[in-house]
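Novice: task: produce atomic coordinates for the following.
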Amino acid sequence: MDAALDRFLNPERDTSGDAALIRRLDRMSRQMERADRDLGVLAETIALFIRYYLTITPPLPSGDQDAARALGRERFEMFVAQVGKRVAAGGRLVADVMDRVSTSKPDLFMHNLEEGAPPRGAQAGDTKSRAPSATGEPPEHSPAGREEVGNV
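Specialist: Below is the predicted model of the structure:
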């Protein structure tokens, strides 16, 4: 107890522990920054996928809806199983994708795409690489009303 009080009240006496603590805090800060980046990428990916899906998915005829729901439930179960396997195996798809992108296209994330700046190498009028849904325009066939309670 005396040594702990002496160290607390007289910090000049032993600073070796402080350096280790600072290194550890720096490492934790970098880990939090990576997690924040990964979460941002994940949120954007999901939002863009949902927008794209809702834009291109045409309404189904009434007779096909039951079969589509059954197929949707089956696909969802397969999806959940795959996520479970990756999590159990320690897989990190977001980190894998980010590593690939940063290696192959290191300056891809250096532009603010929301403000209309095209990625490097793309022309301002080039729309071949982007789906029309990425522009924020309303979908041709509105998905409103297609979803019912019990739909997957």
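
Novice: same for the longest helix along the chain, what does it pack against?
Specialist: Determined from DSSP state H, the single longest helix within the chain is helix 16-56. Helix 16-56 sits against helix 93-104, with contacts defined as 3 or more CB pairs under 8 Å, 6 or more residues apart in numbering; DSSP states H and E. All C-beta atoms are positioned from the backbone trio N, CA, C, and that covers glycine.

Novice: residues contacting the helix it packs on, please?
Specialist: Under the criterion CB atoms under 8 Å, 6 or more residues apart in numbering, residues 34, 37, 38, 41, 42, 86, 108, 109 lie in contact with helix 93-104.

Novice: nearest residue to the fifth one other than its sequence neighbours?
Specialist: Put plainly, it is residue 42. residue 94 (5.5 Å; CB to CB, 6 or more residues apart in numbering).

Novice: how far away is the one you found from residue 107?
Specialist: For residue 94, the distance to residue 107 (CB to CB, to the nearest Å) stands at 20 Å.

Novice: then residue 51?
Specialist: Applying CB to CB, the value for residue 51 to residue 107 is 25 Å.

Novice: the more surrounded of those two?
Specialist: Per other CB atoms under 10 Å, whichever of residue 51 and residue 107 has more neighbours is residue 51, with 16 against 10.

Novice: from residue 59, how far off is the more buried one?
Specialist: Distance from residue 51 to residue 59, by CB to CB: 17 Å.

Novice: and if you look at residue 24?
Specialist: 55 Å.
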